[in-house]
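Participant: how would this look folded up:
(one chain, ligands or ions: 4)
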Amino acid sequence: MLTSNPLHYDLHSHSTLSDGTLTPEALVRRARAQGVDVLALTDHDVTDGLAEAAVTAAEVGLRLISGVEISVTWNGVTIHIVGLNIDPGHIGLQTGLSKLRAFRTERGEEIARRLEKHGIEGALAGAQAFATGPILSRTHFARFLVEAGYARDMRKVFKKFLVHNRPGYVTGNWATLEETVSWICAAGGQAVIAHPARYRISATRLRQFIEAFKDCGGVGIEVVSGSHSASDAAGMAQYAKRYELLASCGSDYHGPGQSWQEPGVPMPLPEGCIPIWKDWATDEEKDT
Ligand code: AMP
Ligand code: MN
Ligand code: MN
Ligand code: MN
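Facilitator: Ligands and ions are numbered 1, 2, ... in the order given. The predicted model follows:
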């Protein structure tokens, strides 16, 4: 029997293991307190927060989905692919993610060198002080630069220093689309295009990307995202339909006061979308 109260899904979030500001435990507690029933922890290029999140999820009665958000370079553009319901113990997936983390370390050194040429000292140590987990993100550089007074807030600091054509930008050399989707599939997961409306590419390019993603075995697209407007969601719902992709929704929460939105904000999928969770077994079914 269907219940009259649909479950509240939030399938994209970050913890201190990547560039979020809440520990996995605190993230799960906050999501639950805000009404989330099913939460995916999707840290950037790392799955180390899932074990702690699962313990808290069991305690507070939230269903945790094992996830990851993988950085991809496709035709020179950085695109994020979320993997949902992955087995974090899968060796191929972990080998792939460890290479991405190694690139993050090298890239961090290069970002710091470039900022130094621009007159900003101590950026590597400054960013590392904000990185409590195993990855170094531009977000950590951004927090350092804001704290050191080089910009007023996160949005401004990215615009001024950390994006294409700015002094602290280093071109991504992430995973290929093919390998990313294959790692996720091999680990038993579903590959989902993260926040598709956020990439600075033309509609034609985005359609080419979606086609390539489908050819590799990708199955889902984030129609609703904390960083999408209502019209972005409507546009992405059209793509979901046209390309027969399952629809996902996620806040992309990074912690209190960080960019994007809070978990627990209602995020209904536009009409006609087929939810990514349509064939997910319930916990009870899995037990039998
Ligand atoms: P990275 O994967 O290290 O290149 O960093 C990308 C991360 O930076 C994203 O996951 C966001 O959390 C953050 N980010 C990117 N652009 C912005 C922005 N304009 N404002 C705030 N955070 C941003
Ligand atoms: Mn992030
Ligand atoms: Mn992302
Ligand atoms: Mn994210």
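Participant: how about the strands in the stretch 151-288 of the chain?
Facilitator: For the stretch 151-288 of the chain, strands defined by DSSP state E, counting those that start in this stretch occupy the ranges 190-193, 220-225, 246-250.
Participant: partners of the shortest one, with directions?
Facilitator: In the sheet, strand 190-193 lines up against strand 77-84 (antiparallel), strand 220-225 (parallel) (DSSP bridges).
Participant: In the first one, which residues are buried?
Facilitator: For strand 77-84, the neighbour count (16 or more other C-beta atoms under 10 Å) marks 79-84 as buried. Heads up, the C-betas are built off the backbone N, CA and C, glycines and all.
Participant: is ligand 3 contacted by it?
Facilitator: Yes. With C-beta under 5 Å from the ion as the criterion, ligand 3 is reached by strand 77-84 at H80.
Participant: Check the offset of stretch 268-281 from the chain's centre.
Facilitator: Relative to the centre of its chain, stretch 268-281 is centred 19 Å away, using C-alpha atoms, centre = their mean, to the nearest Å.
Participant: List the neighbours of that stretch that are in contact with it.
Facilitator: By C-beta atoms under 8 Å, 6 or more residues apart in numbering, the list of residues contacting stretch 268-281 from outside reads 9, 11, 38, 84-85, 190, 192, 219-220, 223-224, 233-234, 237, 240-241, 246-249.
Participant: same thing but 6 Å
Facilitator: Here stretch 268-281 makes contact (C-beta atoms under 6 Å, 6 or more residues apart in numbering) with 220, 223, 233, 237, 240, 246-249.
Participant: related to what we said a few turns ago, of all the strands paired with strand 190-193, which lies closest to P134?
Facilitator: strand 77-84 (17.4 Å; C-beta to C-beta).
Participant: circling back: mind putting the contacts of stretch 268-281 in TSV, distance to ligand 3 included?
Facilitator: Below are the contacts of stretch 268-281 laid out as TSV (distance: C-beta to the ion, whole Å):
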residue	distance to ligand 3
G220	15
V223	15
A233	16
A237	20
A240	18
L246	19
A247	17
S248	13
C249	14
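Participant: and of those, the nearest to R138?
Facilitator: Lowest distance from R138 to those (C-beta to C-beta) belongs to S248, with 23.9 Å.
Participant: partner residues bridging that closest one?
Facilitator: Beta-bridge pairing for S248 (DSSP bridges): E222.
Participant: Tell me which residues touch it, please.
Facilitator: 11, 192, 220, 222, 276.
Participant: tally of neighbours for the third one?
Facilitator: Spelled out, it's G220. As a burial measure, G220 scores 25 neighbours (other C-beta atoms under 10 Å).
Participant: which residues does the nearest residue to it once chain neighbours are set aside bridge with?
Facilitator: Distances taken as C-beta to C-beta, 6 or more residues apart in numbering put V192 closest to G220, at 3.6 Å, once the chain neighbours are dropped. When bridges are called by DSSP bridges, V192 pairs up with V82, G220.
Participant: Distance-wise, check V192 relative to G35.
Facilitator: 22 Å (C-beta to C-beta, to the nearest Å).
Participant: Who has more neighbours out of these two?
Facilitator: Neighbours per residue, other C-beta under 10 Å: of V192 and G35, the larger number sits with V192, 30 against 12.
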